[in-house]
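Undergrad: Here's my sequence, what's the structure:
(chains A and B)
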Amino acid sequence: MFTKVGTAPFSLAVMLMGALTPLAFAIAAFSDGYWTFNINTLSDLGISSDDFARNLFTATCIIGGACTAFFGYGKLMLKHGLDAAGGFILVIGGVFLIAVGIFDETTVVHNYVAIGYFIMAGVAMFVSLFADYQNKRFLTLSATIVALCMAFGSMPGFTIAGVEVISVVAICMWTFCQGLSFSFSKDINKETDNGTVTE
Amino acid sequence: MSEMPNTMKLGMAAAFLGAICAFISMAMAWDGGVDSTALVGIDMAVAVVFFGVAGSFTPYSPVKGSTIVVLSAIATAASIIGGIYGALPVYFAIILTILGIVCVVIGNFSSTKDYVDANRVI
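TA: I've put the predicted structure just below:
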């Protein structure tokens, strides 16, 4: 039994994250001046000599991770089956993204949490793929296919640094579409008259 | 056989336009050298996928109605990948991505799905 909540706050959080994260990373890269696509990883912005770029990258990772985890929590609470499983994975992914912001490249933990984030995002995408197919949400399904094709299609021609950037853009696009789909979803748990939600 | 809905015709037109754009960019990518074959190949793949989507928007569609959406999504992804690799000029990549999204939306219409599922040959 949960308190009555709508999908709006969760959707809004993740849509803001999906739309603003690539923009924030782009501003940080321009501010750094030396950051080069396909040579530098995004995490290099976390140890940038430019204070603004470094702080922007760190803040974006922490806020973006919090938004992702918040959305995952919403999905876990309001959905069931594969959708809820995808929400749980997103919560873990969001925590990993927060950790990417907290632990910069100079720490040992950084690589582990960064890899953890990408693995969790990938698994969440595949879970979402099956959940969308099961529930016949073909528009969201197509967004997931596009994001996965972007991430895997970039692997043969780019270095790991380039693939990371393209994957982050794909993940942000995918989370935006997930938020949009979640805001219009109708199959949330039944609401009772006294303001509580039951399975 | 019921009359073909306008959404089918619109989807076919969008997909053919995308395939023609990809063909033009394929011709533009070829510079006579062996090095350009990779870019020509990517453009050719985009053109082939768009032709496949166009073929799905016909009464003789070989796929289910919902599969058209998936095929259109793959065409959109191919356009974006072509743009990322530089095989497609930026303006063609944007046009093809928009056309791919149009195909995804049209493929998701119930009129399109119902018609394809009722009339497809396989």
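Undergrad: for the helix ranked longest in chain A, what is the average pLDDT?
TA: In chain A, with assignment by DSSP state H, the single longest helix is helix A:51-78. Per-residue pLDDT over helix A:51-78 has a mean of 93.
Undergrad: The very next helix or strand once past it packs against which elements?
TA: Tracing the chain past helix A:51-78, the next element assigned as helix or strand by DSSP states H and E is helix A:82-102. Judged by 3 or more Cβ pairs under 8 Å, 6 or more residues apart in numbering or on different chains; DSSP states H and E, helix A:82-102 is in contact with helix A:51-78, helix A:109-134. Bear in mind the C-beta positions are built from the backbone N, C-alpha and C, glycine included.
Undergrad: so which of those comes closest to chain B?
TA: helix A:109-134 (8.6 Å; Cβ to the nearest Cβ).
Undergrad: That closest one versus helix A:82-102: what angle between them?
TA: Angular relation of helix A:109-134 and helix A:82-102 on a 0 to 180 degree scale: 160 degrees, by axes from the mean of the first three to the mean of the last three Cα atoms, to 10 degrees.
Undergrad: Next, the buried residues of helix A:109-134.
TA: The neighbour-count check on helix A:109-134 (16 or more other Cβ atoms under 10 Å in any protein chain shown) flags A:110, A:113-114, A:116-118, A:120-125, A:127-129, A:131-133 as buried.
Undergrad: would CSV of the helices and strands packed on helix A:82-102 with distance to chain B be doable?
TA: Listed next are these as CSV, based on distance: least, Cβ to the nearest Cβ, whole Å:
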stretch, distance to chain B
helix A:51-78, 22
helix A:109-134, 9
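Undergrad: how distant is stretch B:19-28 from the center of its chain?
TA: 12 Å (Cα atoms, centre = their mean, to the nearest Å).
Undergrad: neighbouring contacts of that stretch?
TA: Stretch B:19-28 is contacted by residues B:40, B:43-44, B:46-47, B:50-51, B:54, B:79, B:82, B:87-89, B:92, B:95-96, B:99 when judged by Cβ atoms under 8 Å, 6 or more residues apart in numbering or on different chains.
Undergrad: what does stretch A:87-105 give?
TA: Contacts to stretch A:87-105, defined as Cβ under 8 Å, 6+ apart, come from residues A:43-44, A:46-47, A:57-62, A:64-77, A:79, A:109-110, A:113-114, A:116-117, A:120-121, A:123-124, A:127.
Undergrad: switch the cut-off to 7 Å
TA: By Cβ atoms under 7 Å, 6 or more residues apart in numbering or on different chains, the residues outside stretch A:87-105 that reach it are A:43-44, A:46-47, A:58, A:61-62, A:64-66, A:68-69, A:71-73, A:75-76, A:79, A:109-110, A:113-114, A:116-117, A:120-121, A:123-124, A:127.
Undergrad: how about A:Thr106, what does it touch?
TA: A:Ile47.
Undergrad: distance of it from A:Cys61?
TA: A:Thr106 sits 15 Å away from A:Cys61, going by Cβ to Cβ, to the nearest Å.
Undergrad: Could you look up the SS state of the residue nearest the centre of chain B?
TA: By Cα atoms, centre = their mean, the mean C-alpha position of chain B lies nearest to B:Phe50, the distance being 2.2 Å. Under DSSP: H, G, I helix; E, B strand; the rest coil, B:Phe50 falls in the helix class.
Undergrad: wait, isn't it in contact with B:Ala14?
TA: No - B:Phe50 is beyond contact range of B:Ala14, at 8.9 Å (criterion: Cβ atoms under 7 Å).
Undergrad: lowest-confidence helix or strand of chain B?
TA: Lowest by mean pLDDT, DSSP states H and E among the helices and strands of chain B is helix B:110-119, with a mean of 86.
Undergrad: what's in contact with the host helix or strand of B:Ala75?
TA: Assigned by DSSP H and E, B:Ala75 belongs to helix B:65-85. The contact list for helix B:65-85 (Cβ under 7 Å, 6+ apart) reads A:138, A:142, A:145-146, A:149-150, A:153-154, A:157, A:166, B:18, B:42-43, B:45-46, B:49-50, B:52-53, B:56-57, B:63, B:88, B:90, B:93, B:96-97, B:100-101, B:103-104, B:107-108, B:112-113, B:116-117.
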